[in-house]
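> task: produce atomic coordinates for the following.
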Amino acid sequence: MGLITRLGTCVLLVAASLAVTTPAATAAVPGRTLVSAGSLSDSTARKTARAFCPAGTVVVGGGAALQTIGGDAVKFRTATPFRSVVDGRYGYTVIAEEFLAFDGDWSVAVRALCAPAPAGYEIRSVTVDGSSASPKTAAATCSAGRRALAPGGTVRGPDELTPQVALLGAMVNNARDGAYAIGTEVRAGFAGQWDMIATVVCANPPAGYGVVEQQASSGGSSDSVAQVSCPEGTTVHGSGGLIIPSTAGDTHLYVLSSIEPRTTLVRAARTTPGQTNTWYVRAQAVCAV
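Numbering: from 1, shown residues only. Now for the predicted structure:
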């Protein structure tokens, strides 16, 4: 049984906040479909998985999870919707990398939520160029009148194998007209420059559009889970998740995904030995009919 499936039964640890926004609606998002993919399961230090949308559809959301192990040795570098510059296909991609030595096998799973392009559809990205500032935030904004359907984020070091930076998460912003992503340096920091990229999928606000959020506390444990569900009659499209940046020590996402048909699940692990402080993780579901 995969990690995403097993975690679908997780109980929310501590609920701290709930927010719902409902801009004026136009047409619904019909024809929503789910596509899944995964990497090989082996001991390779860096893995990529991409789920491509069927022909004639675009990506409206998605998610990712580490498989086989917990979050104690591997971190996300990328969890984002995309459009291929090679062939124009849409999908969702995840890149994960070991930041601690790990000899066992592991893999990543990814899912893309796809649909025929809704009115006003676009994908926009913004890059905050290299520095050694940490944490680092990038924000992407939709064109006027559009609303955010899904967020995405990428940390990019000077080369493909730069284990000292990690993705803390990506969320739709409070105005619901864009998204932001946050990354951080891990362990002893990183002297080199690295980039932060935020991506947002946008469209005219569909019927039933709303964004729900829930925050959870670790309660001092090494693991924290947050989950939130869309209102009855709507389904989850985009999923956002974030480890609150003020969290001390090393903490890393290992699930940021939807659980069909209405729920977003976010799970993270603390990896600093002996750390007992309370820290927080936030889950977000972008909902529509």
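> only C-alpha atoms from now on, for both contacts and neighbour counts.
Fine.
> state the next helix or strand along the chain beyond the helix or strand of the chain with the lowest mean pLDDT.
Considering only helices and strands, the least confidently modelled element of the chain by mean pLDDT, DSSP states H and E is strand 18-21, at a mean of 31. For strand 18-21, the succeeding helix or strand toward the C-terminus, using DSSP states H and E, is strand 33-38.
> from the contact counts, what lies against that following strand?
Taking 3 or more C-alpha pairs under 8 Å, 6 or more residues apart in numbering; DSSP states H and E as contact, the helices and strands that strand 33-38 lies on are strand 46-52, strand 107-115.
> residues touching it, excluding its own?
Contacts to strand 33-38, defined as C-alpha atoms under 8 Å, 6 or more residues apart in numbering, come from residues 49-53, 107-115.
> list the strands paired with it, with their directions.
The strands beside strand 33-38 in its sheet (DSSP bridges) come out as strand 107-115 (antiparallel).
> returning to that earlier point: tell me which of the helices and strands packed on strand 33-38 sits most buried.
The highest mean neighbour count among the helices and strands packed on strand 33-38 belongs to strand 107-115 (a mean of 27), with neighbours defined as mean count of other C-alpha atoms under 10 Å.
> the protein: helices as residue ranges?
With DSSP state H as the definition, the chain shows helices at residue ranges 3-7.
> could you give the average pLDDT over stretch 282-289?
Along stretch 282-289, the predicted local confidence has a mean pLDDT of 94.
> CA atoms only for that stretch - export them in CSV, please.
Provided in CSV are the C-alpha atoms of stretch 282-289 (Å, rounded to 0.1, in the frame of the first residue of the first chain):
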residue,chain,number,x,y,z
ARG,A,282,-0.2,24.1,7.3
ALA,A,283,-2.5,22.4,4.7
GLN,A,284,-4.5,24.2,2.0
ALA,A,285,-7.1,22.9,-0.4
VAL,A,286,-8.3,24.9,-3.5
CYS,A,287,-11.9,23.8,-4.1
ALA,A,288,-14.3,24.0,-7.0
VAL,A,289,-17.3,22.1,-8.4
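> buried residues of it, list them for me.
282-289 (16 or more other C-alpha atoms under 10 Å).
> any idea which of those residues is closest to Ser125?
Within these, distances to Ser125 taken as C-alpha to C-alpha reach their minimum at Val286, with 18.4 Å.
> list the contacts of Gly152.
Taking C-alpha under 8 Å, 6+ apart as the definition, contacts of Gly152 comprise 78-81, 169-171, 179-181, 198-200, 240.
> quick check: beta-bridge partners of it?
Thr199.
> and the pLDDT for it?
pLDDT, read off for Gly152, is 97.
> and it, how close does it get to Glu260?
Spatial separation of Gly152 from Glu260 under the definition C-alpha to C-alpha, to the nearest Å is 19 Å.
> taking the buried residues of stretch 282-289 one by one, which sit in strands?
In strands, defined here by DSSP state E, the members of those are 282-288.
> need the residues you listed in CSV with distance to Ser217, can you?
CSV is the format used below for those (distance: C-alpha to C-alpha, whole Å):
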residue, distance to Ser217
Arg282, 9
Ala283, 12
Gln284, 15
Ala285, 18
Val286, 22
Cys287, 24
Ala288, 28
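> farthest-apart pair in these, please.
Longest distance between any two of those is 20.0 Å, between Arg282 and Ala288; criterion C-alpha to C-alpha.
> surely Val108 meets Lys75?
No. Assessed by C-alpha atoms under 8 Å, Val108 is found out of contact with Lys75, at 10.5 Å.
> which neighbours do those two have in common?
Listed contacts common to Val108 and Lys75 are Ala96; contacts here mean C-alpha under 8 Å, 6+ apart.
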